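**Student:** Have a look at this prediction, sequence included:
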Amino acid sequence: MKPVVLLTDGFVFALLVAGLAYVLHVRGRPQLAANWRLTLRRPAAAVSALILAAFLAVAVADSLHWRVALPAASAGQPAWSPETRSALDAVLGPLAVTRERTYSSPLAYQGFRKESFERNGTPVRDYPRLKFGGAHLKDPSTQWGDDVQNLAWRGVGWGALAWAVLALLSWVALSLRRQRAFGRALTDLVLGRTRYPVRSVLLAAAVLAVSVGLVASLSSGYHVFGTDRVGASVLVAALKSVRTALVIGALTTLVVLPLALALGVAAGYFRGWVDEVIQYIYTLLASIPDVLLIAAAVLLLQVKIDSNPTLFETSLERADARLFFLCLILGVTSFTGLCRLVRGETMKLRELEYIQAAQAFGVPAARILVRHILPNIVPIVLITTVMQFSAFVLAEAVLSYVGVGVDPKTASFGVMINTARLELSATPVIWWTLAAAFSFMFLIVLSANLFADAVRDAFDPRTRLRS
Amino acid sequence: MLAYLSRRIAYGLLVLIGINLVTFLLFFQVNTPDDMARLQLGGKRVTPDAISKWKAERGYDRALYFNADAQGVAKVTDTVFFDSSARMFAFDFGPADSGRDITSEIRRRAWPSLALALPVFIVGLGVSISLALGLAFFRGTYLDFWGSVICVAMMSISSLFFIVAGQFVFARLLQLVPVSGFDAGADAWRFLLLPVAISIVARLGGETRFNRTLFLEEINKDYVRTARSKGLSEPAVLFGHVLRNALIPILSSSVAVIPLLFMGSLITESFFSIPGLGSYLIEAIAAQDFAVVRAMVFIGSGLYIVGLILTDLSYSWADPRIRLQ
């Protein structure tokens, strides 16, 4: 087994480390910590954080990549399989590998369309049995209903059990933390009289645990969300798209931040020709319609990749490079708004007395920027970035539809929607691919939006006073 | 005022020149004419003869920036860069890589785009402002709360979903309108009804919420308290005072969008096969037609700059305290 760190994998882990570092940073600063506590005290935000954390776990599992050694390799020079697998693939097991022939509806045991094949030596025209879905059933027409019910109940049971353990733990933790008797702690919990919205989070966790248990249990024998045109499981495609969506949202933010901060602060603080040049650059970039600039850049990249086929070892690496590049270019096109905001804010701060005092003391400009100006623009930067996250996730779908998004081989919501958009006109309607893609996307974007709202309300002094 | 305007226009031209340089760098330096020829002629088994013929047809066989063989001024003017840039500023975009004339194509396709985008813009603005005003009127009540919740939910739904679902329900299931297509004559409204409605709904959540915050910000100002304390009814305060003042930022931010309406809406046009500029661009991207993409970048940027200038003008027109100098 040979570990593979794709370009975006590296950034996923770097982001995780940066996130941890930020948590430590916040712990040392009571003012900042108070703002975050205010954010998490809102039930909607706490529930969204839970759901985002679940998606994040999926994304991280899908970021641990490796290549398996081929058995035929000679002893000195091991050969690696061209196929890169991830931890998520390993968890999904046969679900990620088995391919049906073509479409099959959710929880089906037979194909979606009639086919001609041989049964017991005679050619027939009937719905073929699926390779994976319901393959363990001997006589599906009679066993299918009971089997699905059994699996469903088992899944619900496991989910409920996991949730019960979690609820018990939080109950104990609550009573230990607040030095209350178990009975009192329970009534506090049930009546929602806790500092953080533990009740709401536990309710959401219950829904999450039961649905994960249900899907996992049913997935042992069926394709829960059906299969797509090439017979791949829609559930797997949706789960793998989560990573792409989160990478696009997070990595693009990572590109936007330093660009907008450095240029905006420099323009607002130094004024003069620096300001002129930076303003010119961002007016220029803002003038070019985003889609066009992205389209132009991605087309160029595609031409480069096509003319240098030896640049990447595996097709996954190639697709990943395109994803990375898309984040870069998306960041470059969308940093202008934040840059303008930072510039304006810096111009305001620059005129304040404490900055003038620092200047009078002869503090060097770089130190003033880092110590006195940067900390004061962090709130608006934070608000803007969390608000942008969901916009990037939505943009990916649109760009992939236009054909300038991620590589068609990358699993992403945009690619799923694009390949499935003609399926609604089929009779009978093939709805499951679109339904899965849209509902996963909705869940991610909605949680991101709700979380962003809470962050804004907690960090923006104007709204904080009002609420 | 006139001095300000001319300065802004000059700055706009400067930006356009920069954009031209950037797109030229992107399309000719990073991606050489040889690459383009190979792409258009298809595959890797293209003879060098065919490539030089393709380049000669389009005048791409000259030097890119500086022609050392030419005489005098022609050293600079007889280059791909100067030639294509000069023609672009004269709105002559030449033939597409596929052969058709870009300028006439754009002229033909601008109208369907506008027929789609203009109603979306006007009706959408009206609907979102009225809804936002309604939410602001009922602020703090359950109506406001659930309205805001619905707005956030609608913001979280991909615009692709509205298009796919709308097309499926209204065109395929109920068969109220044609699924897709376009008709240049008076019959066009049948084809436009659904895309217009869907585009409005897709943007409604975000816009309503944004306008609502603007209204709420305005409601907390001193003059509103004065108006209330002199005994005006809540509707009179809202419609007579708040609406008019909150409209300034709303309308001014909308003005910037007006010129871009010509550019059409990429996704909607391609889903409903409306032969506008948006679908033109998508086709060009799919065919990797760089000449068309570059021309559209140029036009789009020019329109954006016009929009910025219009925004400034509308600010000073709506708010006499702002003087342009």
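**Tutor:** The structure has been received and is ready for your questions.
**Student:** So, low pLDDT: which residues of the chain?
**Tutor:** I went with chain A, as the question did not name one. A:72-78, A:461-467 (pLDDT under 70).
**Student:** Hmm, no, I was thinking of chain B.
**Tutor:** Applying pLDDT under 70 to chain B picks out residues B:29-31, B:39-40, B:42-45, B:62-68, B:70-78, B:97-99, B:262-264, B:322-325.
**Student:** Next, name the residue at the spatial heart of it.
**Tutor:** Centroid check for chain B by C-alpha atoms, centre = their mean gives B:Leu260 as the closest residue, at 3.4 Å.
**Student:** Next up, identify which helix or strand the nearest residue to that one once chain neighbours are set aside is on.
**Tutor:** Excluding the flanking residues, the one nearest B:Leu260 by C-beta to C-beta, 6 or more residues apart in numbering or on different chains is B:Leu303, at 5.4 Å. (Each C-beta comes from the backbone N, C-alpha and C, glycine too.) Per DSSP states H and E, B:Leu303 falls inside helix B:290-318.
**Student:** Tabulate the CA atom coordinates of stretch A:423-430 in CSV.
**Tutor:** Extracted in CSV, the C-alpha atoms of stretch A:423-430 (Å, rounded to 0.1, in the frame of the first residue of the first chain):
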residue,chain,number,x,y,z
GLU,A,423,-33.4,11.7,-17.0
LEU,A,424,-36.5,13.6,-16.0
SER,A,425,-37.8,13.4,-19.5
ALA,A,426,-37.5,9.6,-19.6
THR,A,427,-40.6,7.5,-19.0
PRO,A,428,-40.9,6.3,-16.3
VAL,A,429,-39.2,9.2,-14.7
ILE,A,430,-35.7,8.6,-13.3
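**Student:** buried ones in that stretch?
**Tutor:** Buried residues in stretch A:423-430, counting neighbours by 16 or more other C-beta atoms under 10 Å in any protein chain shown, are found at A:423-424, A:430.
**Student:** same thing with stretch A:167-185?
**Tutor:** In stretch A:167-185, counting by 16+ other C-beta under 10 Å, buried: A:167, A:170-171, A:174-175, A:185.
**Student:** With stretch A:16-27 instead?
**Tutor:** A:Val26.
**Student:** Output it as PDB, nothing but the C-alphas.
**Tutor:** Provided in PDB are the C-alpha atoms of stretch A:16-27 (Å, rounded to 0.1, in the frame of the first residue of the first chain):
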ATOM      1  CA  LEU A  16      -7.700  21.000   9.500                       C
ATOM      2  CA  VAL A  17      -4.400  21.900  11.200                       C
ATOM      3  CA  ALA A  18      -5.100  25.600  10.700                       C
ATOM      4  CA  GLY A  19      -8.600  25.100  12.200                       C
ATOM      5  CA  LEU A  20      -7.100  23.500  15.300                       C
ATOM      6  CA  ALA A  21      -4.600  26.300  15.600                       C
ATOM      7  CA  TYR A  22      -7.400  28.800  15.400                       C
ATOM      8  CA  VAL A  23      -9.300  27.000  18.100                       C
ATOM      9  CA  LEU A  24      -6.300  27.200  20.400                       C
ATOM     10  CA  HIS A  25      -5.900  30.900  19.400                       C
ATOM     11  CA  VAL A  26      -9.500  31.600  20.300                       C
ATOM     12  CA  ARG A  27      -9.200  29.800  23.700                       C
END
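**Student:** quick check, distance from it to the centre of its chain.
**Tutor:** 19 Å (C-alpha atoms, centre = their mean, to the nearest Å).
**Student:** Over to stretch A:204-212?
**Tutor:** 19 Å.
**Student:** so which helix or strand takes in A:Glu83?
**Tutor:** strand A:80-86.
**Student:** contacts for that strand?
**Tutor:** A:2, A:4, A:6, A:61-70, A:314-317 (C-beta atoms under 8 Å, 6 or more residues apart in numbering or on different chains).
**Student:** Would you give the sheet partners of it, along with the direction of each?
**Tutor:** Next to strand A:80-86 in the sheet, as set by DSSP bridges, lie strand A:65-69 (antiparallel).
**Student:** what comes up buried for the strand it pairs with?
**Tutor:** A:65-67.
**Student:** got the buried residues for the one helix or strand B:Ser199 maps to?
**Tutor:** According to DSSP H and E, B:Ser199 maps onto helix B:188-219. By neighbour count with 16+ other C-beta under 10 Å, helix B:188-219 contains the buried residues B:188, B:191-192, B:194-212, B:214-216, B:218-219.
**Student:** how about the strand or helix carrying A:Gln302, does it reach chain B?
**Tutor:** A:Gln302 is part of helix A:290-307 when elements are defined by DSSP H and E. Yes: Helix A:290-307 reaches chain B (C-beta under 8 Å from any C-beta of the partner chain) through A:291-293, A:295-297, A:299-300, A:302-304, A:307.
**Student:** Just the buried subset of those, please.
**Tutor:** So, by 16+ other C-beta under 10 Å, the buried ones in the residues of helix A:290-307 next to chain B are A:291-293, A:295-297, A:299-300, A:302-303.
**Student:** Show me which pair in these is furthest apart.
**Tutor:** Using C-beta to C-beta, those span at most 18.4 Å, a distance reached by A:Val291 and A:Val303.
**Student:** Need the distance between the two termini of stretch A:122-138.
**Tutor:** In stretch A:122-138, first residue to last residue: 20 Å (C-alpha to C-alpha, to the nearest Å).
**Student:** Work out the gap between that stretch and the centre of the chain.
**Tutor:** Chain-centre distance of stretch A:122-138: 36 Å, with C-alpha atoms, centre = their mean.
**Student:** And stretch B:90-98, by the same measure?
**Tutor:** When distances are taken as C-alpha atoms, centre = their mean, stretch B:90-98 is centred 21 Å away from the chain's centroid.
**Student:** Could you list the residues in contact with it?
**Tutor:** By C-beta under 8 Å, 6+ apart, the residues outside stretch B:90-98 that reach it are B:36, B:40, B:58, B:84, B:87, B:101-103, B:105-106, B:284, B:287, B:289-292, B:295, B:298.
**Student:** which ones are touching the residue of the stretch 101-250 of chain B found nearest chain A?
**Tutor:** Relative to chain A, the nearest point of the stretch 101-250 of chain B is B:Ser156 (3.9 Å; C-beta to the nearest C-beta). Neighbour list for B:Ser156: A:390, A:442, A:445-446, A:448-449 [criterion: C-beta under 8 Å, 6+ apart].
**Student:** Which ones among those also lie next to chain B?
**Tutor:** Near chain B, by the rule C-beta under 8 Å from any C-beta, you find A:390, A:442, A:445-446, A:448-449 out of the contacts of B:Ser156.
**Student:** Just list whatever residues bridge to A:Arg119.
**Tutor:** A:Thr122.
**Student:** ok, now how distant is it from A:Gly28?
**Tutor:** Computed with C-beta to C-beta, to the nearest Å, the distance linking A:Arg119 and A:Gly28 is 71 Å.
**Student:** Now A:Gln388. Nearest residue, chain neighbours left out?
**Tutor:** Of all residues apart from its sequence neighbours, A:Thr253 sits closest to A:Gln388 (C-beta to C-beta, 6+ apart), at 6.3 Å.
**Student:** can I assume A:Leu292 is in contact with B:Gly300?
**Tutor:** Yes: between A:Leu292 and B:Gly300 there is a contact under C-beta atoms under 8 Å: 5.7 Å.
**Student:** list the helices and strands the helix or strand hosting A:Val381 packs on?
**Tutor:** Element membership for A:Val381 (DSSP H and E) is helix A:374-402. Using 3 or more C-beta pairs under 8 Å, 6 or more residues apart in numbering or on different chains; DSSP states H and E, the elements in contact with helix A:374-402 are helix A:234-270, helix A:290-307, helix A:315-350, helix A:413-420, helix A:432-459, helix B:159-166, helix B:266-271.
**Student:** nearest to B:Leu251, of those helices?
**Tutor:** helix A:315-350 (19.8 Å).
**Student:** In that closest one, which residues are buried?
**Tutor:** A:316-336, A:338-343, A:345-346, A:349-350.
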